[in-house]
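1. Got a sequence here, can you model it:
(2 chains)
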Number of protein chains: 2
Amino acid sequence: MERVFATIITIGDELLIGQVIDTNSAWMAQALNKIGISVIRRVAVGDQWDEIWDALDEESKKASIILITGGLGPTADDITKPLLCKYFGGKMVIHQPTLDHVTNIFETILNKPMIERNRKQAEVPDNCTVLKNEKGTAPGMLFKKAEKTFISLPGVPHEMKWLMKQEVLPYIQSVFQTSFIEHRTLHTFGIGESFLAEKIAETENALPAHIKLAYLPNYGLVRLRLSASGNNHTLILQEIEAHFEALKKAVGHYLISDTDIPMEKIVGNLLIKNKSTLSTAESCTGGYIAHLLTSIPGASEFYKGSIVSYANEIKQQLLHVSENVLLNQGAVSEATVSKMASECLMMMNTDFCIAVSGIMGPEGGTLEKPVGTVWMAVANKNVVKTQLIHLRYDRERNISLTAMNALNFLRMLIVDNP
Amino acid sequence: MERVFATIITIGDELLIGQVIDTNSAWMAQALNKIGISVIRRVAVGDQWDEIWDALDEESKKASIILITGGLGPTADDITKPLLCKYFGGKMVIHQPTLDHVTNIFETILNKPMIERNRKQAEVPDNCTVLKNEKGTAPGMLFKKAEKTFISLPGVPHEMKWLMKQEVLPYIQSVFQTSFIEHRTLHTFGIGESFLAEKIAETENALPAHIKLAYLPNYGLVRLRLSASGNNHTLILQEIEAHFEALKKAVGHYLISDTDIPMEKIVGNLLIKNKSTLSTAESCTGGYIAHLLTSIPGASEFYKGSIVSYANEIKQQLLHVSENVLLNQGAVSEATVSKMASECLMMMNTDFCIAVSGIMGPEGGTLEKPVGTVWMAVANKNVVKTQLIHLRYDRERNISLTAMNALNFLRMLIVDNP
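-> Numbering: from 1, shown residues only, chains lettered A, B, ... in the order given. The predicted model follows:
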């Protein structure tokens, strides 16, 4: 088996003027990797005939599978479908099952009359295989040319994902013989990329050529990913497991998880395992910690709620932080977060509570408490622990880093006092 | 003046296996567009020598400016710097100001001993112009080859952004004569892309060739963007303003904003303008509405806080939703969200309050209340309004759409009852 390469072409002016962030490519790359297809390049081009045409020419020189997303909507800026029709030498015809499907969406689900523009979505080049899109009106299309497979999908994320899962991935697996790729990822917290590299140098140097190590730093965490590829699946699995164990050992107590799940899920799983509950009392993160935790399906198993006390009067009235503390020590102080945590723990009757208060910027800093000053507290029924951190970034990053630090602070409390 | 084209090369295996989402390219594209540089392509390649080399060759055929991000970190998977050195025929030398800067970061800020790996970051090819990176240890580098400008930047977003603002954009503006590009964007809510297209068809057809219209649908909103380019700036401005006014008229009451700001900011600005305050009582959105609102710098001017009542007992104890209502009508009901809104309004003493309760999925749906069922309430001191919506997506999208719908519901209440 040899490696099979894919390339992803994303179409849309909005990508080139930066008005939307391309999340599709990452999702597609992940899905392809899991079935052993290596994505070799990703290209974004605008809604320009020549640019799209050239990209099809060029990318098909580099890969066997060319995935195309975007440019299939019902509006006038979408030129992809007629272009594909011409590129593969077909002519446009009405595809009856798609027309029935689109008609049904309008008549039964949307309860609106269908317009000519929507009828057009049922037109496809006569030389493609139509991939039925149950989640929307624009169908997927599969073309073959000179041994290469071209697959065009709508750019709307949930439609693209549905088509990938239902049609594209099963098709690719049935047609291509791929080599095996295995990934193992661990998460570290509290150590910078270069110090981590120093710490694990020996383990890294011992890796064979077909096992690669990548450093993925993000928001206080550094993820380490091992990727092994080869034709003997059993051997690959044995090797990657052995090197992954060595890596975990080398990372030592900076290891917070040996699976690739986000911090909020690491904490959620710990709480579920211990049958414990959590509440939060948030000031500077403004509900972001609650949002992270409730993004997890089934969060109600461990999470009860949050008092987002953004204004000081809410800290006073709902969380009973005294006027005296607010006046003399301030909203960003050890006394404030301690009180927030212990009160919220009681009010929500949970086993654990996180409280944070800080200055996220860009305004609001003082000489004594500059932007990035954050007090955190974590509490259970027996103890309230506090910590002061200093961040140095913009508002968005400061909010994320505060959440990550607070969740890790709680994680340590749970590990020590389950 | 002719149009100046740029292309963006992003380097990193993590992009090709989909482990990170590329947010840098969108930011860079936006920044370049603002100064009249058209981004013609974006390409992502892995940490592979040949792939990077080929991308430099190919992209420089298509554009005058080639921006490169990523691959400059201190760890072993980064090969970009030696490659650039060879590509441009230089040799590696220690750059003393960078060494001083890196040393200072370690000795003064991080208070850690510097390691050899970090010293290496001060090495640069001797034929580049070094761009000082005050936000990190990896410097930017500018190369010239055959009339083309190549600029390499670190991939860490806040370092890249700082270097773009301080060094790259001013340099490009000083060297390239660019044609003018003007964009105008409006937001609509509550109308699908194809119906909107139908509604504005006449206005769209009246656009001259050098003014383009793009549809940017996202989470219940469709944004419409006009882009005009040309050499006569005064004329361009006149034209785009006239067509933008016509577009706003054509959109009618679906228009929610004629500037390109997110929904939470539209609502925030309205509240600030009316000197009104807001609180939220969130169940299914789990703090996401609070997070959106507090992402805005200066949110404390209008936002006081949230009761995230994820568990029913919190709805009962803190927001006084009666056991009777929870048992007979359920947590997802008109009676529940009405009570949540009116109680929270009182407790937080705000002028307005939003309350939401729904089933976000993937679990928790019933025949009577399937996944996607959401009750929303908005209240002021005189009235509580409620609305039932049905969403059909995954958890993440359902949470976002609930937030957007609830914010728009509040917006309508404010506009009607300032």
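
2. tally of neighbours for residue A:341?
-> By other Cβ atoms under 10 Å in any protein chain shown, 27 other residues sit near residue A:341. To be clear about C-beta, it is placed using only N, CA and C from the backbone, and glycine gets the same treatment.

3. Surely residue A:218 touches residue B:23?
-> No. In this structure residue A:218 lies outside contact range of residue B:23 using Cβ atoms under 8 Å: 11.0 Å.

4. Now for residue A:397, how many residues are close by?
-> Using other Cβ under 10 Å: residue A:397 sits among 18 other residues.

5. my read: it touches residue B:159, true?
-> No. The criterion here is Cβ under 8 Å, and residue A:397 misses it with residue B:159 at 11.5 Å.

6. Report the beta-bridge partners for the nearest residue to residue A:344 once chain neighbours are set aside.
-> Spatial nearest neighbour of residue A:344, excluding adjacent residues (Cβ to Cβ, 6 or more residues apart in numbering or on different chains): residue A:281 at 3.8 Å. For residue A:281, the beta-bridge partners are residue A:307, residue A:355 (DSSP bridges).

7. List the residues that contact residue A:281.
-> Taking Cβ atoms under 8 Å, 6 or more residues apart in numbering or on different chains, we find residue A:281 in contact with A:306, A:307, A:309, A:319, A:340, A:341, A:343, A:344, A:353, A:354, A:355, A:356.

8. Please repeat the previous calculation with a cut-off of 7 Å.
-> By Cβ atoms under 7 Å, 6 or more residues apart in numbering or on different chains, the contact list for residue A:281 reads A:306, A:307, A:309, A:319, A:340, A:341, A:344, A:353, A:355.

9. same thing with residue A:173?
-> Taking Cβ under 7 Å, 6+ apart, one finds residue A:35 in contact with residue A:173.

10. Buried residues, the helix or strand harbouring it. List them.
-> Counting by DSSP states H and E, the element that carries residue A:173 is helix A:169-175. Across helix A:169-175, burial judged by 16 or more other Cβ atoms under 10 Å in any protein chain shown covers A:169, A:171, A:172.

11. cool, and stretch A:24-38?
-> Neighbour count says stretch A:24-38 has A:24, A:25, A:26, A:27, A:28, A:29, A:31, A:32, A:33, A:36, A:37, A:38 buried, by 16+ other Cβ under 10 Å.

12. of these, closest to residue B:52?
-> For the buried residues of stretch A:24-38, the residue nearest residue B:52 by Cβ to Cβ is residue A:38; the value is 15.9 Å.

13. The host helix or strand of residue A:93: how far from the chain's middle?
-> Using DSSP H and E, residue A:93 falls within strand A:92-94. Centre-to-centre, strand A:92-94 and its host chain are 38 Å apart (Cα atoms, centre = their mean, to the nearest Å).

14. Where does pLDDT dip in chain A?
-> Applying pLDDT under 70 to chain A flags the ranges A:1-2, A:74-77, A:418.

15. so residue A:384 makes contact with residue A:343?
-> No. Counting by Cβ atoms under 7 Å, residue A:384 stays clear of residue A:343, with 10.5 Å between them.

16. what residues does the stretch 201-350 of chain A put near chain B?
-> With Cβ under 7 Å from any Cβ of the partner chain as the criterion, the stretch 201-350 of chain A meets chain B at residues A:204, A:213-216, A:225, A:286-288, A:290-291, A:294-295, A:297-298, A:300, A:303-311, A:314, A:348.

17. Now the residue located most distally from the centre of chain A: phi and psi?
-> Distance from the C-alpha centroid of chain A, by Cα atoms, centre = their mean, peaks at residue A:324 (42.9 Å). The phi/psi pair for residue A:324 (degrees, to the nearest 10) reads phi -60, psi -50.

18. With residue A:287 instead?
-> Torsion angles at residue A:287 (phi, psi; degrees, to the nearest 10) stand at phi 100, psi 0.

19. Please give me every residue in contact with it.
-> Going by Cβ under 7 Å, 6+ apart, the list of residues near residue A:287 reads A:306, A:308, B:287, B:288, B:290, B:291, B:294, B:306, B:308.

20. switch the cut-off to 8 Å
-> A:306, A:308, B:282, B:287, B:288, B:289, B:290, B:291, B:294, B:306, B:308.

21. follow-up on the earlier one: could I have the buried ones of the residues of the stretch 201-350 of chain A next to chain B as PyMOL selection syntax?
-> Here is the PyMOL command that selects the buried residues among these (16+ other Cβ under 10 Å):
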select buried, chain A and resi 204+213+214+215+216+225+286+287+288+290+291+294+295+300+303+304+305+306+307+308+309+310+311+314+348
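
22. Now do the domain split for chain A, please.
-> Following automatic domain parsing, chain A resolves into domains at A:4-175, A:181-257, A:263-416.

23. how far does the last one stretch from start to finish?
-> Just to be clear, that refers to domain A:263-416. Counting by Cα to Cα, to the nearest Å, you get 17 Å between the two ends of domain A:263-416.

24. and that domain, how far from the chain's centre?
-> With Cα atoms, centre = their mean, you get 23 Å for domain A:263-416.

25. Ok, the shortest one next?
-> Between the centre of domain A:181-257 and the centre of its chain there are 20 Å (Cα atoms, centre = their mean).

26. What's the end-to-end length of it?
-> 21 Å.

27. Could you do the first one as well?
-> Looking at domain A:4-175, the gap from its leading to its trailing residue is 11 Å under the measure Cα to Cα.

28. between the contacts of residue A:281, which is nearest chain B?
-> Closest to chain B out of the contacts of residue A:281 is residue A:306 (3.8 Å), distances taken as Cβ to the nearest Cβ.

29. is it possible to export the buried residues of helix A:169-175 to CSV including distance to residue A:251?
-> CSV is the format used below for those (distance: Cβ to Cβ, whole Å):
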residue, distance to residue A:251
A:169, 33
A:171, 39
A:172, 35
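
30. still on that earlier bit, mind giving me TSV with the buried residues of stretch A:24-38 and columns for secondary structure?
-> Shown next, in TSV, are the buried residues of stretch A:24-38 (DSSP: H, G, I helix; E, B strand; the rest coil):
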residue	secondary structure
A:24	helix
A:25	helix
A:26	helix
A:27	helix
A:28	helix
A:29	helix
A:31	helix
A:32	helix
A:33	helix
A:36	coil
A:37	strand
A:38	strand
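
31. just so I have it, where are all the strands in the stretch 51-200 of chain A?
-> A:65-69, A:92-94, A:123-125, A:129-131, A:140-145, A:148-153, A:180-189 (DSSP state E, counting those that start in this stretch).

32. now, of the ones you listed, which is deepest in the fold?
-> strand A:65-69 (a mean of 26; mean count of other Cβ atoms under 10 Å in any protein chain shown).
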